[in-house]
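Colleague: would you be able to build a 3D model of this:
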Amino acid sequence: MDIVTIKKIIQAALLGCTPDNSTVFRYAITPLTTNQPTIKIFYNSEKVAGKSFPKDDPAIYLALGCALYNIKACCKELSLEVSVDIATKENNSDLLALISLSKLPPEKEEISSTIQVIKKRHTDRGAYHKKISEKDKQAIQDITTRSTRNSTLLFESKDKSSLIKLIQKASEIRFQVKEIHALLKNSLQFDNSQPDGLHINTLALPPGGKYFLKFISKWDNLALINKIGGYKLLASQETALLKNSPCLLILRGKGSQLDFISSGEELCHVWTSLNNAGYSVHPYYVIPDILHRLDMKTLPSKHHVQAEHLLFEGAALLEKDKEFVYMILRIGKTKKSAIRSTRPDIESILSIEDH
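Modeller: Just a heads-up that it's a prediction; the model follows:
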């Protein structure tokens, strides 16, 4: 197998969803001297350690699942057998996964059609049309049924309103936690100096929003306006888009490392399928993040009661069949085409090993 094809597979992995569009992974290929190369996926500690989610966070495992989904999709088109070994949580190195490719009788060496499907997956943070047709509702229902195991699709209903209130309460906590705020600050890009991260022009901000966001990107400024309830206003603005969107999708899974990775594959599947069918998608991770921090005792103690109420009030919606929410997706038809995020050049995150 030639290096060009393997690079295309890794390029597809690079297009998977990651926390705040950050480059949380790097890749290596070994060995190139055989017809059965191996792709290694590493946590990109040199770039993101201390700036994004840690290596063993569910957000990283979900992103890893997304990368694996894209790799498997490309390998399926190439008639490659794929064997995936996941590094254990106890592993002290940055290695996350090792993918062995076993070549079957070759049918083709081109994966352009799969790449085009993968490239259509994107985040649309803008406003959606509040109402959609019954045909669209059925199409979204069909896609989510085919692509997910344990999910709930909510159109206009009391449950949808209840879920939005839960997201708002979780957001209120988030805007008061310095450590979570730091993740946002580290990912924001106010110019084009970096190819990854949250570029300001992809956020669909209102007039003056760029300057306000730059102001509150400094924790001292956010802490100051929080004294007069700024966190409530920010959370309310964040959930306004949810109220004016036609449907929300709750995705659930189990809580082990392997389960989160499997859930990441599911997430990428349904997200890619919806985008390719012409529907916009915007992920909301704030509830799973707050509840994970509560469980790991990394959430400041003054917010424990709020988070516990969130867990109690949302149990009926967030939990089902002993599986718990890992992501919520806002789904609809956008009013304006999204400005797409960019990713770094593959050469900057790829190394070639000879052993």
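Colleague: for the nearest residue to His129 once chain neighbours are set aside, what are its contacts?
Modeller: Nearest residue to His129 in three dimensions, chain neighbours excluded: Lys333, at 5.0 Å (CB to CB, 6 or more residues apart in numbering). (Glycine included, C-beta is placed from N, CA and C.) Residues counted as contacts of Lys333 (CB atoms under 8 Å, 6 or more residues apart in numbering) are Tyr128, His129, Ile132, Asp136, Pro246, Gly278, Tyr279, Ser280.
Colleague: per-residue confidence at His355?
Modeller: In this model, His355 is scored at 58, pLDDT.
Colleague: please apply the same query to Glu238.
Modeller: Taking Glu238 on its own, its pLDDT is 89.
Colleague: right, and it touches Gln168 too?
Modeller: Yes. The criterion here is CB atoms under 8 Å, and Glu238 meets it with Gln168 at 7.5 Å.
Colleague: okay, strands next: where are they in the stretch 201-350 of the chain?
Modeller: 247-253, 280-284, 319-320, 323-332, 350-352 (DSSP state E, counting those that start in this stretch).
Colleague: strand partners (parallel or antiparallel) of the first one?
Modeller: If I follow you right, that is strand 247-253. Strand 247-253 has its sheet partners listed here by DSSP bridges as strand 151-154 (antiparallel), strand 323-332 (antiparallel).
Colleague: can you report how many residues lie near Ile228?
Modeller: Residues contacting Ile228 under the criterion other CB atoms under 10 Å number 9.
Colleague: surely Ile29 is within a strand?
Modeller: Yes. Judged by DSSP: H, G, I helix; E, B strand; the rest coil, Ile29 forms part of a strand.
Colleague: so what's the residue count around the spatially closest residue to it that is not a sequence neighbour?
Modeller: Nearest non-adjacent residue to Ile29, counting by CB to CB, 6+ apart: Ile352, 5.2 Å away. The local packing of Ile352 (other CB under 10 Å) involves 14 other residues.
Colleague: please renumber so the chain begins at 42
Modeller: Got it, the first residue is 42 from now on, which makes the last one we talked about Ile393.
Colleague: can you tell me how far Ile393 sits from Asn85?
Modeller: As judged by CB to CB, to the nearest Å, Ile393 and Asn85 stand 17 Å apart.
Colleague: same question, Leu207
Modeller: Leu207 sits 32 Å away from Asn85, taking CB to CB as the criterion.
Colleague: repeat for Pro236
Modeller: Pro236 sits 14 Å away from Asn85, going by CB to CB.
Colleague: more neighbours: the two, which one.
Modeller: Asn85 (20 against 15).
Colleague: hang on, isn't the more buried one packed against Pro60?
Modeller: No. Assessed by CB under 8 Å, Asn85 is found out of contact with Pro60, at 11.8 Å.
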